[in-house]
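1. the following block contains a protein sequence and its predicted model.
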Amino acid sequence: MIKEIIIVATPGIDLYLQNNILTADDMESLIRAAIKHEDKSYFFAFKKNRLKTTVTDGNNNILDELLVMIPEQIWIIIDKSKETITCTVMLPEEY
């Protein structure tokens, strides 16, 4: 059973959060979507699509659409163990 979710934000994501370009609520929505679909992939690309964000897996399959505006494409990589989910949130150039 999962007891803890750890969120790791790279410097680019952290800067967006500090400058309120990406809000904490938006970040939570992205993480919730990734965890919701973690049975389909461990890698998620969140792509800016006008007023929405398209959620895709590593093979570019569309998994979801969110009513969240993001400044640019954001990746989330999930690492899951028995008790912990670690979500690494990054910009593609930070990979």
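-> Received the coordinates, thanks.
2. quick check: buried residues in the longest helix anywhere in the chain?
-> Ranked by number of residues, the top helix in the chain under DSSP state H is helix 24-36. Neighbour-count burial for helix 24-36, counted by 16 or more other C-beta atoms under 10 Å, picks out 26-27, 29-31, 33-35. C-beta: built from backbone N, CA, C; applies to glycine.
3. mind listing what's buried along whichever helix or strand comes after that helix?
-> Using DSSP states H and E, the helix or strand that follows helix 24-36 in sequence is strand 43-49. For strand 43-49, the neighbour count (16+ other C-beta under 10 Å) marks 44-47 as buried.
4. ok, so of those residues, who is nearest Leu17?
-> Phe46 (14.6 Å; C-beta to C-beta).
5. hang on, the closest one packs against Gln73?
-> Yes: here Phe46 reaches Gln73: they are 6.6 Å apart, a contact under C-beta atoms under 8 Å.
6. once you drop chain neighbours, what's closest to Ala45?
-> Leaving aside its chain neighbours, Ala45 sits nearest to Thr56 (4.9 Å; criterion: C-beta to C-beta, 6 or more residues apart in numbering).
7. how close does that neighbour sit to Asn19?
-> Look at Thr56 and Asn19: by C-beta to C-beta, to the nearest Å, they are 26 Å apart.
8. just Gly58 next, same as before
-> Per C-beta to C-beta, Gly58 is found 29 Å from Asn19.
9. related to what we said a few turns ago, now for the longest helix of the chain, which elements pack on it?
-> On a contact count with 3 or more C-beta pairs under 8 Å, 6 or more residues apart in numbering; DSSP states H and E, helix 24-36 meets strand 4-9, helix 11-18, strand 43-49, strand 52-57, strand 62-66, strand 74-80, strand 84-90.
10. ok, 6 Å please
-> strand 62-66 (3 or more C-beta pairs under 6 Å, 6 or more residues apart in numbering; DSSP states H and E).
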